[in-house]
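After the sequence you'll find the predicted model.
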Amino acid sequence: MTRRRWWAPRDAALAGPSFAAPPQTVYRCGPAGRSYSQTPCADGHAVVVDDVRSASQQKAAREVAARDAEHAKQLAAERRQREEAARGQQAAGFRTAPTAAEAAPAPAPARKSKSKSAATTRAPKPIAATSR
């Protein structure tokens with residue numbers, strides 16, 4: 001007994017000959033022609049919406065769209081993994097408040113007091129002569 005796959009009808013439909021849908025008439029409506037409708041409107045103009053691509057171009061476009069959709073799923077899964085790994089972590093380099101050690105004022109260094117008389121009575125040092 002063969003097991004039937006649920007996607008078998010879909011594969012058969014994609015592998016079989018593709019039948020183009022009958023041409024539809026689309027109307028461009030509105031004052032600036034910004035809305036489209038399948039029913040005629042008062043100020044509407046008919047627009048040609050036929051797909052002029054060949055069957056191979058349509059197949060290639062479907063393959064690209066499927067590949068892009070698969071890549072988007074992969075990227076979304078990777079993003080969810082990164083978000084899960086980052087859950088509970090804080091942003092690096094950003095602090096909302098200083099630490100206790102940084103918040104405490106640093107003690108001022110002790111200054112040596114010099115008397116003005118000692119500084120003014122000192123003679124300048126002689127410059128040593130160099131011989132060549």
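Structure received.

tell me which residues in stretch 34-47 are buried?
Of the residues in stretch 34-47, those buried by neighbour count under the rule 16 or more other C-beta atoms under 10 Å are residue 44. In this view, the C-beta of every residue, glycine as well, is placed from N, C-alpha and C.

Do me a favour and average the pLDDT over that stretch.
Per-region confidence: stretch 34-47 scores 87 on mean pLDDT.

Residues in contact with that stretch: which ones?
Applying C-beta atoms under 8 Å, 6 or more residues apart in numbering, the set of residues contacting stretch 34-47 from outside is 24-31, 33.

what's the farthest-apart pair in these?
24 and 31 (23.6 Å; C-beta to C-beta).

SS state for the residue minimising distance to the centre of the chain?
Against the mean C-alpha coordinate of the chain, by C-alpha atoms, centre = their mean, the closest residue is residue 79 at 10.5 Å. Reducing the assignment at residue 79 to three states with DSSP: H, G, I helix; E, B strand; the rest coil gives helix.

ok, residue 49 to residue 56 distance?
Using C-beta to C-beta, to the nearest Å, one gets 21 Å for the distance from residue 49 to residue 56.

One more: residue 44?
If you go by C-beta to C-beta, the gap between residue 44 and residue 56 works out to 34 Å.

same check, this time on residue 76
Here residue 76 is placed at a distance of 31 Å from residue 56 (C-beta to C-beta).

where does residue 62 fall, phi/psi-wise?
As for residue 62, its main-chain torsions (degrees, to the nearest 10) stand at phi -60, psi -40.

now the helices: where do they sit in the protein?
Along the chain, the segments classed as helices by DSSP state H run 8-15, 55-86, 100-103, 116-121.

Tabulate the ones you listed (JSON lines), appending distance to residue 39.
Rendered in JSON lines, the data for those read as follows (distance: least, C-beta to C-beta, whole Å):
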{"stretch": "helix 8-15", "distance to residue 39": "30"}
{"stretch": "helix 55-86", "distance to residue 39": "27"}
{"stretch": "helix 100-103", "distance to residue 39": "71"}
{"stretch": "helix 116-121", "distance to residue 39": "102"}
